[in-house]
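> Give me a 3D structure for the following:
(one chain, ligands or ions: 1)
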Amino acid sequence: MHRYMRAMSALAFAPRPAAEVLPLPILVAPDARLKLRCRPVGSADEAGLRDLIERMFASMYRAPGIGLAAPQVGVSLRLAIVDLMENDRKAPLVLINPEVVGRSTDLAGREEGCLSLPDQYAEVVRPAVVKVRFTDETGAKREITAEGLLSACLQHEIEHLDGVLFVDHLSALKRNIILRRLAKEKRLKDL
Ligand code: NI
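Reported below is the predicted structural model:
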């Protein structure tokens with residue numbers, strides 16, 4: 001585990017200039033790779049991790065989005081990134097093997113979208129406050145308690161790691177309307 005921690009901490013000290021980082025294409029639903037349960041990040045993954053995280057940030061900022069999970073770029077690992085870009089300032093958060101370890105009984109509804117369901121939005125009801133445990137890009141174990149937009153965003157991204165999309169919270173009727181609309185837009189784009 002020590003080697004892993006050292007490799008991870010290199011990330012924090014020497015980011016490459018953004019212009020050199022190639023964004024990865026983001027998968028659009030329906031895609032079987034979005035429905036997979038991802039495996040935990042382990043020491044065998046360390047070599048490619050820094051590059052993957054940088055490219056995921058490039059993809060997310062370009063979209064633009066505030067969260068992106070590894071399966072959305074076709075990588076079946078328990079890894080997600082978040083940046084709410086509050087006040088237009090970057091505050092990147094890297095979540096390696098994140099886990100929701102506490103949920104409030106209070107619920108909150110919020111309009112959600114997803115880079116894998118472009119231009120589709122719907123209200124999703126989730127626990128208002130969550131406690132999330134994860135490893136960050138320096139290899140440090142962290143725990144955060146989140147509410148509001150960050151809470152919804154963390155829950156949304158962590159669910160991606162189990163193949164769950166926000167539309168899976170909706171009624172079958174609403175979900176099918178969105179998926180059909182998406183399929184139609186995909187066909188129009190491919191014409
Ligand atoms: Ni999403």
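> pull the helix or strand with minimum mean pLDDT from the chain.
helix 2-13 (a mean of 44; mean pLDDT, DSSP states H and E).
> Check which element follows it along the chain.
Going down the chain from helix 2-13, the next helix or strand is helix 46-62, by DSSP states H and E.
> Tell me the first helix or strand C-terminal of that following helix.
Where DSSP H and E defines the elements, the next helix or strand beyond helix 46-62 is strand 67-69.
> Where is the longest helix in this structure?
Determined from DSSP state H, the single longest helix within the chain is helix 172-190.
> Could you give the number of residues near residue 169?
Neighbours of residue 169 under the rule other C-beta atoms under 10 Å: 18. All C-beta spots, glycine's among them, are computed from the backbone N, C-alpha and C.
> shouldn't it be in contact with residue 124?
Yes: between residue 169 and residue 124 a contact is recorded at 4.7 Å, counting by C-beta atoms under 8 Å.
> where in the chain is pLDDT low?
Applying pLDDT under 70 to the chain picks out residues 1-19.
> cutoff 80 now
Residues of the chain that meet the criterion pLDDT under 80 lie in 1-19, 190-191.
> So for residue 153, what's the nearest residue that isn't a sequence neighbour?
Closest residue to residue 153 apart from its sequence neighbours, by C-beta to C-beta, 6 or more residues apart in numbering: residue 67 at 4.8 Å.
> That neighbour: neighbour count?
Neighbour number of residue 67 under other C-beta under 10 Å is 24.
> quick one, what contacts the closest residue to residue 91 other than its chain neighbours?
Spatially, and ignoring its direct neighbours in sequence, residue 91 is nearest to residue 83 (5.8 Å; C-beta to C-beta, 6+ apart). By C-beta atoms under 8 Å, 6 or more residues apart in numbering, residue 83 lies in contact with 57, 60, 61, 66, 67, 90, 91, 92, 93.
> The fourth one contacts residue 84, doesn't it?
I take that to be residue 66. Yes: between residue 66 and residue 84 there is a contact at 5.3 Å, judged by C-beta under 8 Å.
> Kindly point out which residues are neighbours of both of those two.
By C-beta under 8 Å, 6+ apart, residue 66 and residue 84 have these common neighbours: 149, 153.
> who's more crowded, the two?
residue 66 (21 against 15).
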